[in-house]
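S.K.: pasting a predicted model and its sequence here:
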Amino acid sequence: MSKCVLLISVFLILASFGSLQAHPIHVTVVNMDITNEGVIQFSVKIFADDFGTILSKENKRSITFSEVSDIEKYQKAIVVYIDKNFKISDDDNQIYSISKVDRSELKENAVWLYFTVQPKATNIQSLNISNQLMCDLFDDQTNLMILSYKGKELANRFTFKNQNFKFVL
């Protein structure tokens, strides 16, 4: 079974936990697409209660996500956290900053965030990803990532001990 198929299967199983109030696992899922023009679009799915906990800790105030308007209300804190803990860089070690949330949703007890990054180069050969999302809160954190580019799907599993990976396109 390919790594990508395995990760997708795990994702589907984890998605079925969306209706549970408490969850025994700590996971985020990132889906990234690189368009033919080289634009990087990605979504991040994070359990709402865990995300509220880490943002409350980081910002020293209570942050919860019970309505979509909460995501808009705390957009600045969200962007700061995501930009600090999810880094994208290219072959030239150019790091791409995340400046805003393009769109967001609250469903299945999870916060869904959508972002767009415009790389300087259009002919990307590889992407270096540093994914530390939620690892400062849970030592059993798993961050799954699926990258789609020109009909190929690449996947990786990030953990507390394995936070960096180079996707060769």
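M.R.: It's in. Numbering: from 1, shown residues only.
S.K.: list the buried residues in stretch 131-138.
M.R.: Across stretch 131-138, burial judged by 16 or more other CB atoms under 10 Å covers 131-135. To be clear about C-beta, it is placed using only N, CA and C from the backbone, and glycine gets the same treatment.
S.K.: and the helices in this structure, which stretches?
M.R.: All helices of the chain, identified by DSSP state H, fall at 3-15, 48-59, 68-73, 75-85.
S.K.: quick one: contacts of the third one?
M.R.: By CB atoms under 8 Å, 6 or more residues apart in numbering, the list of residues contacting helix 68-73 from outside reads 63-65, 78, 101, 104-106, 111, 113.
S.K.: of those - the most surrounded one?
M.R.: Neighbour tally across the contacts of helix 68-73 (other CB atoms under 10 Å): the maximum, 27 neighbours, falls on Val111.
S.K.: re earlier: state the pair within the buried residues of stretch 131-138 that is farthest apart.
M.R.: Farthest apart among the buried residues of stretch 131-138 by CB to CB are Asn131 and Met134. That separation is 9.5 Å.
S.K.: find the residues that touch each one of these two.
M.R.: Common neighbours of Asn131 and Met134 (CB under 8 Å, 6+ apart) are 28, 85, 143.
S.K.: so the last one sits right up against Asn131, yeah?
M.R.: Yes. With contact defined as CB atoms under 8 Å, Asn143 reaches Asn131; the gap is 4.7 Å.
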